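Participant: Have a look at this prediction, sequence included:
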Amino acid sequence: MAFVETHLDCPTCGHRECLGLNEDGSAKCFSCGDYIRNFKEGDMEPTPRLVKDNVVISEGNFNNLRDRGISEATAKRYGVKSTVNSNGDITRHFYPYYNGSEEVAYKTRIVDGKGFIATGPISDCGLFGQQLVGDKGGKYVTLVEGECDAMAAYELLGSKWPVVSIKNGAQGAEKDVKNQIEFLERFDNIIICFDADKPGQEAAKKVARLLKPNKAKIMVMPDGFKDANDMLRKNQHGSYVAAWWNAKTYTPSGVLNVSQNKDKFHNRVKKKAIPYPWEGLNKKLEGLRQGELVLLAGGTGLGKSSVTRELEHWLIKETDDNIGIVALEEDWTRTVDGILSIEANAKLHIDRVREEHSVDELNILFDDLFIDNDNNDRVWIHAHFGSNDIDGIFSKLRYMIVGCECKWVVIDHLHMMVSATLEGDERRSIDSIMTRLRSLAEETGAGLILVSHLRRIDGNKGHEKGAETDLSHLRGSQSIAQLSDCVITLERNQQADDPIVASTTRVRILKSRYTGDVGIATYLQYDKDTGRLHEVDDSDIDFNPEQEDTLAFE
């Protein structure tokens, strides 16, 4: 509906040039948010105005507000008068507003039309009912969303505790409270009892943030009730009082009161864990858990891809979960070749080896891993076609986890993600990526396995010659170690004269947030014929003491 006139003055809040007139004669205020059905001149009923000592005051008499279930005694206490027609029905309410101890304005509620008209400078006044308290503080004050709710809550609480109301609904709550923060802060406890709808609950949290810590308590309305007046009309005194006493102290999002969360302590969501393929890792780490970020790092050519393939295959075979794979250095068919190679115990990524298998044999392997035995639609691979940007990568990660329901995602590797950023500073890029990955794991509960390179170290014995790793060897930023739940590194002297030593990888745990157990976990021996890794005992390796320093297995 288009406005036929704008920049009109609002009769509800008293602000100027804030109201728009619709074609049907109704109007909307963009200051207080009020909607007036019959605003057009000549259609609105005249507002009763009485003047005493040059101050505008409301007319009417003190009555039982039968339309709201509010007693005459409560109406009289709050100074609320009303008018009655010949049938004895309440036609208007008049809510007085005070500046200090002086009544200077009032709001008229038109019962049938459900509209409001403001008379006098309400914007300069305190909260509704504030004059009843004056400068006194106290143990409790209840803050509600409307005048009738204030009177209703006062009655529901046995007329024992002060109750005040904001002036212009949920949309004006913050402003009203800011203007009267000194008054509210005089009380030890401020019970916020706004409407049970979304605007009311959002306004309650915004108001609670304005108050000193531990003062604000947000009351939750019992199921099926919108506000205090709704409960009064249904004679729910006991339920209201119980909810009022049960109001919880407001704490900002992310800050938790431990005293109030004993049940959650006992009934926590248990993270799903699965074993690793190798027993040495299980002894150190007690499995691989969803919701954690695991970092796998090693030097160039030390077997990161082989370990990654084994983990991907293990997740497919040993779980019923969906698996996501983001391999940024290779085409998706190479990723599939690698996983099928584990199943076949053969290096299928090599053309010569793959050609030794018939199409039927390859189909059996493919179907068993990706289609049959409930494996259909379980494995999702990022097909990047050589084009990547960091936001696009994270968009696909989120789609895999949320849209494809992947519970485990392997990302190979971190420094390819860094190259996809527009930032020139590697450390800053890594910090940003690690923070986003950490948040993604915690938010979605997916288990992330991230592959990373090690930086080159000084000296003759680098990682390719079996140098022992530590956290300082992670390339680029301390945030890699800080934000990972677990850091697993690979060490191997690929230049050793002994072929067994040269093909054996030492797996070291540099960090385990879950168990705290670090150090050498296991040894994995590479079978050059099958491409598989097999766990071996270090006693099975014939170390030559004279070469111990060279082999870096000291």
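Facilitator: Right, received. Where do you want to start?
Participant: Contact partners for A208?
Facilitator: Shown in contact with A208 (CB atoms under 8 Å, 6 or more residues apart in numbering): I192, A216, I218, Y250. For every residue, glycine as well, the C-beta is placed using N, CA and C.
Participant: mind redoing it with 10 Å?
Facilitator: Counting by CB atoms under 10 Å, 6 or more residues apart in numbering, A208 makes contact with L143, V177, I190, I192, K215, A216, K217, I218, T249, Y250, T251, P252.
Participant: Mind checking which of those land in helices?
Facilitator: Residues of the contacts of A208 located in helices (DSSP state H): V177.
Participant: any idea which of the contacts of A208 is closest to G287?
Facilitator: Distance to G287 across the contacts of A208 (CB to CB) is lowest for T251, with 33.4 Å.
Participant: quick one on the thing from earlier: and the contacts of A208 as a markdown table, adding neighbour count, pLDDT and distance to H357?
Facilitator: Formatted as a markdown table, the contacts of A208 follow (neighbours: other CB atoms under 10 Å; pLDDT from 0 to 100; distance: CB to CB, whole Å):
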| residue | neighbour count | pLDDT | distance to H357 |
| --- | --- | --- | --- |
| L143 | 31 | 97 | 75 |
| V177 | 24 | 94 | 74 |
| I190 | 24 | 96 | 74 |
| I192 | 25 | 97 | 70 |
| K215 | 17 | 91 | 73 |
| A216 | 25 | 94 | 69 |
| K217 | 21 | 95 | 70 |
| I218 | 19 | 95 | 66 |
| T249 | 15 | 89 | 67 |
| Y250 | 21 | 89 | 65 |
| T251 | 15 | 81 | 61 |
| P252 | 10 | 77 | 60 |
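Participant: Can you pick out the ones from the contacts of A208 that are in strands?
Facilitator: Mapping the contacts of A208 onto strands (DSSP state E) picks out L143, I190, I192, A216, K217, I218, T249.
Participant: Please name the bridge partners of the fifth one.
Facilitator: Listed by DSSP bridges, the beta-bridge partners for K217 are I191, T249.
Participant: re earlier: mind putting the ones in strands among the contacts of A208 into a markdown table with distance to S419?
Facilitator: Formatted as a markdown table, those follow (distance: CB to CB, whole Å):
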| residue | distance to S419 |
| --- | --- |
| L143 | 54 |
| I190 | 53 |
| I192 | 50 |
| A216 | 48 |
| K217 | 51 |
| I218 | 47 |
| T249 | 48 |
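Participant: quick one: secondary structure of D368?
Facilitator: Under DSSP: H, G, I helix; E, B strand; the rest coil, D368 falls in the helix class.
Participant: repeat for N229
Facilitator: Going by three-state DSSP, the secondary structure assigned to N229 is helix.
Participant: Strands of the stretch 451-554 of the chain, start to end?
Facilitator: 486-491, 504-512, 519-526, 533-536 (DSSP state E, counting those that start in this stretch).
Participant: got the contact list for the shortest one?
Facilitator: If you take CB under 10 Å, 6+ apart as the criterion, strand 533-536 is touched by 276-281, 303, 306-307, 309-310, 342, 500, 503-505, 507, 521-527.
Participant: Tell me the strands beside it, with direction?
Facilitator: Here, using DSSP bridges, strand 533-536 pairs with strand 519-526 (antiparallel).
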